[in-house]
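Turn this into a model:
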Amino acid sequence: MMQTMPGAAQVSQNATALTALLQYHVVNGMFQSSTFLTTPLVASTLLTATPNNPNTSGTAQTLQLTKSLVLSGFKQPSTLTQLDIPFTGGIMHILNTVLTPPAPPSITALDTGLTSLAGALVQTNMAGGVDALPAGVTIFAPSNGAFEAVGAVVQGASRELLGNVLEYHVLSSSVTNGGALFSKDLKDMAERNGGSVSLRTLQGGTVTVRSEEGKLFVNSARVTNGDIITSNGVIHVIDNVMNPLATTAKPVAAQATQSPVFAGASSQNQAPFTSGLTPTTTLVPATLDVGGGGYAALPTAALMGVAGAAAVIANL
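I've put the predicted structure just below:
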């Protein structure tokens, strides 16, 4: 079932793209279902470049295995229908749909309904720079509703000021020690530090990650959907645009949606920065919360023919 995958028609008739797609279905290492049915895994695949982003510097693309699901790029869910089928040199798990290789952050944002963020990246000429950041990027992506809540402020901001705000939502690989921070990573870091932990952003300021009442917050913004895999990291959707001048903002955990942190903010009925944007497709990320289980990092794939592979094969 390739119809929902971005560029599906082109992939089926392009040998290079088809090879990349197949590589994304092979995990380096032999992992029986018992290794991820209770503890989610972030796994490295044999794919080191994606059709949407061939310049990934040899970084292995990842997917997520959790219980009976595999979550691929754009957080598209595939159901595992048969498990632990042995073959010479490895083990196979059967899926009901084809996996979707990850795309760069700007494309992921555009095609998953985060169009205000995608448009803001274009307006500030930051899209290419964010997409080219080394692997290990963690992005806190305000939803369209979050941008609407501060629409008048952000649309009236200069390009430099808006760029400063956007950079405040990005943790680079230099901060995350080369690995993207999934929601479970953030939760564990906060809880090991007494409930909160401060992390430096690409902008230079710090954000505070908090774990409160079973919810994950960044400053006062709540993570509403985490762990959307991109070609160079991961995106967490948040319900508020963070302000680099309001680093001490704290959440009200009982509140369904957090209040804006920009002085004089007024809402708009239309999502800002979306004029003229045309998504290549529209994909709805799964809302499954996989932050409650532990993650284990799998080794990066090096060779196509490496012994001991776990193949997750889609039912075409």
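
which residues of the stretch 151-300 of the chain score low on pLDDT?
Scanning the stretch 151-300 of the chain for pLDDT under 70 picks out 289-300.

Try it again at 50.
The model of the stretch 151-300 of the chain has pLDDT under 50 over residues 292-300.

ranges for the strands of it?
Taking DSSP state E, counting those that start in this stretch as the criterion, the stretch 151-300 of the chain carries its strands at 170-171, 196-200, 206-212, 215-218, 221-230, 233-238.

Pick the most buried one from the ones you listed.
strand 233-238 (a mean of 27; mean count of other Cβ atoms under 10 Å). Bear in mind the C-beta positions are built from the backbone N, C-alpha and C, glycine included.

packing partners for that one?
Packing partners of strand 233-238 (3 or more Cβ pairs under 8 Å, 6 or more residues apart in numbering; DSSP states H and E): helix 105-111, strand 137-142, strand 215-218, strand 221-230.

what would the strands of the stretch 151-300 of the chain look like in CSV with distance to residue 39?
Compiled in CSV, the strands of the stretch 151-300 of the chain are given as follows (distance: least, Cβ to Cβ, whole Å):
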stretch, distance to residue 39
strand 170-171, 24
strand 196-200, 22
strand 206-212, 18
strand 215-218, 18
strand 221-230, 15
strand 233-238, 18
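
wait, which of those is closest to residue 179?
strand 233-238 (8.8 Å; Cβ to Cβ).

neighbouring contacts of the closest one?
Strand 233-238 has contacts (Cβ atoms under 8 Å, 6 or more residues apart in numbering) with 105, 108-109, 114, 133, 135-143, 146, 173, 180-183, 186, 216, 218, 221-228, 285.

again with stretch 277-293
4, 6-7, 38-40, 64, 66, 69, 71, 74-77, 100, 107, 110-113, 115, 118-119, 122, 182-184, 187, 216, 225-228, 237.

Restricted to buried residues, select those residues in ChimeraX.
Here is the ChimeraX command that selects the buried residues among the contacts of stretch 277-293 (16 or more other Cβ atoms under 10 Å):
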select :6,7,40,64,66,69,71,74,75,76,77,100,107,110,111,112,113,115,118,119,122,182,183,184,187,216,225,226,227,228,237
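
one step back: how about the strands of the stretch 151-300 of the chain, which one is nearest residue 91?
Across the strands of the stretch 151-300 of the chain, closest to residue 91 is strand 221-230 (Cβ to Cβ), at 22.5 Å.

and the closest one, how far from the chain's centre?
Averaging C-alpha positions (Cα atoms, centre = their mean, to the nearest Å) puts strand 221-230 7 Å from its chain's average.

One more: stretch 187-205?
That offset, for stretch 187-205, works out to 18 Å (Cα atoms, centre = their mean).
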